[in-house]
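Asks: need coordinates for the following:
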Amino acid sequence: MKYKIVDNFFNNDNYLKIKKALLDEQEFYYVPSISGGENDPKTFYGFGCNFVTEANKGKYQDRRNQKIVQQVNMRIMQNYGQEFGFRNVIRSRLDLTTYRGEHVKFKAHTDTDGKHWTSIFYLTTCNSPTILYEEEQLNVKDFYDNKINQEELTEHVRVDAVDNRLLIFEGNHLHTGLCAYDVPVRLLLNSNFR
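Replies: Numbering: from 1, shown residues only. Now for the predicted structure:
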């Protein structure tokens with residue numbers, strides 16, 4: 001599996017402005033299942049804000065801090081689009097999970113169907129990594145039909161959540177994350193490209 005980790009994606013001053021806007025000034029909505037498919041909204045909930053949806057690929061919704069999210073995604077495309085072979089953002093959202101008093105691992109999933117690239121831009125440092133698996137899934141429907149046995153997945157790598165870190169990987173590989181455990185919130189910008 002091809003993936004890349006880039007630390008200090010923005011210079012410190014720019015990063016702090018981005019973080020403040022997206023953490024302190026953003027509107028979020030409740031998501032009963034942050035990865036989709038989990039059955040217990042008391043455990044697997046989170047908060048999010050969609051900027052680009054699959055229904056309107058490449059079109060940003062009119063949301064607070066839309067220009068900041070566009071700036072982050074444009075920089076990802078300019079710096080890594082040619083290397084990885086993508087040109088367009090097809091989905092982009094903020095994911096926020098809160099402290100639960102224990103590590104809660106969400107269900108392994110892919111964000112969208114078919115071949116694509118996923119980026120995760122971390123806006124908090126915490127002891128809740130992203131886990132990438134060897135197994136691929138080209139159809140999100142398989143996930144909802146429970147065709148994937150979570151216990152049989154082969155872990156490829158765990159990527160620590162570190163402020164101002166960018167992770168890019170082949171998005172058709174299953175992945176997951178953990179909720180915030182040692183800090184109040186875990187916040188990241190999750191975008192998908194083709």
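Asks: is residue 17 in a helix, a strand, or coil?
Replies: Secondary structure, DSSP: H, G, I helix; E, B strand; the rest coil: residue 17 is helix.
Asks: from residue 188, how far off is it?
Replies: 17 Å (Cβ to Cβ, to the nearest Å). C-betas here are computed from N, CA, C, even on glycine.
Asks: what about those two, which has more around it?
Replies: More crowded of residue 17 and residue 188, by other Cβ atoms under 10 Å: residue 188, with 23 against 12.
Asks: the more buried one and residue 94 touch, don't they?
Replies: Yes. Contact criterion Cβ atoms under 8 Å: residue 188 and residue 94 qualify, at 7.3 Å.
Asks: what about the closest residue to residue 63 other than its chain neighbours, neighbour count?
Replies: Nearest residue to residue 63 in three dimensions, chain neighbours excluded: residue 51, at 5.9 Å (Cβ to Cβ, 6 or more residues apart in numbering). As a burial measure, residue 51 scores 23 neighbours (other Cβ under 10 Å).
Asks: repeat that for the one 5 residues further on.
Replies: Residues within reach of residue 56, counting by other Cβ under 10 Å, total 12.
Asks: also residue 98?
Replies: 13.
Asks: next: residue 84.
Replies: 17.
Asks: which helix or strand contains the residue nearest to residue 63?
Replies: Residue 51 belongs to strand 46-52 when assigned by DSSP states H and E.
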